[in-house]
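A.B. asks: Next one to model:
(one chain, ligands or ions: 2)
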Amino acid sequence: MSDHRILLLGPPGAGKGTQSTRLAETYDLDHITTGDALRANKEMETEYGTPGEYMDAGELVPDPVVNEIVVAALSNADDGFVLDGYPRNLDQAEYLSEQTDLDHVVFLDVPEDELVERLTGRRVDPETGDNYHVEFDVPDDPEIEERLVQREDDQEDTVRERLRVYRENTEPVVEHYREAGGLVEVSGEGTPDEVFERIRDVVEE
Ligand code: ADP
Ligand code: ADP
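C.D. replies: Ligands and ions are numbered 1, 2, ... in the order given. Purely as a prediction, here's the structure:
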C-alpha cells in the first residue's frame, strides 16, 4: 500500500492545481481533480441539470455527480493519488472517509486579497489544461501565451461568489480535518517553488 494518499485543501486560487500537478509528477501519483473532470463534462445531462450550470454561477455541483467521479478515479489509483478540489462540504468528506484512508492532509493557506488577484489573473492553456497567470506565471513560449484563455468562472463577480461558497461549505471541512488531527497547514505564499518545497517536507516527513 502506498503512503502517498494526499489530500490538498485550500480556497479557490490557493494553488492546489499548480501544486497537485507537481506532486503527481514528482511521486508518480494520480492527480484526481474534480474541477477538471467536471469541466470536461460541463454539458453532460444529469438529473440535476448540467455541471456547467452550477460551475458558471460559482456554486457547488450536486454531491452525487461529484462523488461518482471521485469513486471511479480512486478505484484506478492503487499507487497513490493527490486529491484536489474534493471534498468541498462535510457530506463529501464523510463519503470520502467511507472510500479511502488518507496519509497526508495539507491545507494551503493564502490571504483572501491575494486569492482574488490570483484567480482573476489566471489563464489556462486549452491544449494542456496547465494554469498560468498574467503576472505571476507567464509562459516562456509566445505561442502558448497567445492561445491562453480565461475561465468563465474567473471573472471577479463569480470569484467573489466562489469564495463565499468556500467559506460556507468548505471551511467546515478544513475544521473537520483539523479537529480529527493530522491536518498540516502550509503557507501558500511565495513562489510556486517555495510552496512546493514546504509541501514536499510534509509528504516526506
Ligand atoms: P478552484 O479550485 O479554482 O475553485 P475548481 O476547478 O476546483 O476551481 O472547481 C471549479 C468549479 O467546479 C467549482 O466552482 C464547482 O462549481 C465545481 N466543483 C469542483 N469540485 C467540486 C466538488 N468537490 N463539489 C462540488 N462542485 C465542485
Ligand atoms: P487552485 O487550483 O487552488 O484554484 P491554481 O493552482 O489554479 O489554484 O492557482 C490559481 C492562480 O494562481 C493561477 O493563475 C496560478 O498560476 C497562480 N499561482 C499558483 N501558485 C502561485 C504562487 N505561489 N504565487 C503566485 N501565483 C500563483
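
A.B. asks: Please list the residues of the protein that sit near ligand 2.
C.D. replies: The interface of the chain toward ligand 2, taken as Cβ under 6 Å from any ligand atom, is made up of 10, 12-18, 118, 121-122, 131-133, 136-137, 191-192, 195. (Glycine included, C-beta is placed from N, CA and C.)

A.B. asks: From those residues, keep the buried residues only.
C.D. replies: When those are checked for burial by 16 or more other Cβ atoms under 10 Å, the buried set is 10, 12-18, 118, 121-122, 131-133, 137, 192, 195.

A.B. asks: taking the residues of the chain next to ligand 2 one by one, which sit in helices?
C.D. replies: Mapping the residues of the chain next to ligand 2 onto helices (DSSP state H) picks out 16-18, 118, 192, 195.

A.B. asks: Export the residues you listed to TSV and append columns for pLDDT.
C.D. replies: Listed next are those as TSV, based on pLDDT from 0 to 100:
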residue	pLDDT
K16	96
G17	94
T18	94
R118	97
P192	94
V195	98
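
A.B. asks: Can you give me the distance of the nearest residue to G17 once chain neighbours are set aside to E156?
C.D. replies: In space, and not counting its chain neighbours, G17 is closest to N131: 5.4 Å by Cβ to Cβ, 6 or more residues apart in numbering. Going from N131 to E156 by Cβ to Cβ, to the nearest Å gives 18 Å.

A.B. asks: And ligand 1, is stretch 183-192 touching that?
C.D. replies: No: Stretch 183-192 lies apart from ligand 1 when judged by Cβ under 6 Å from any ligand atom; the minimum separation is 12.1 Å.
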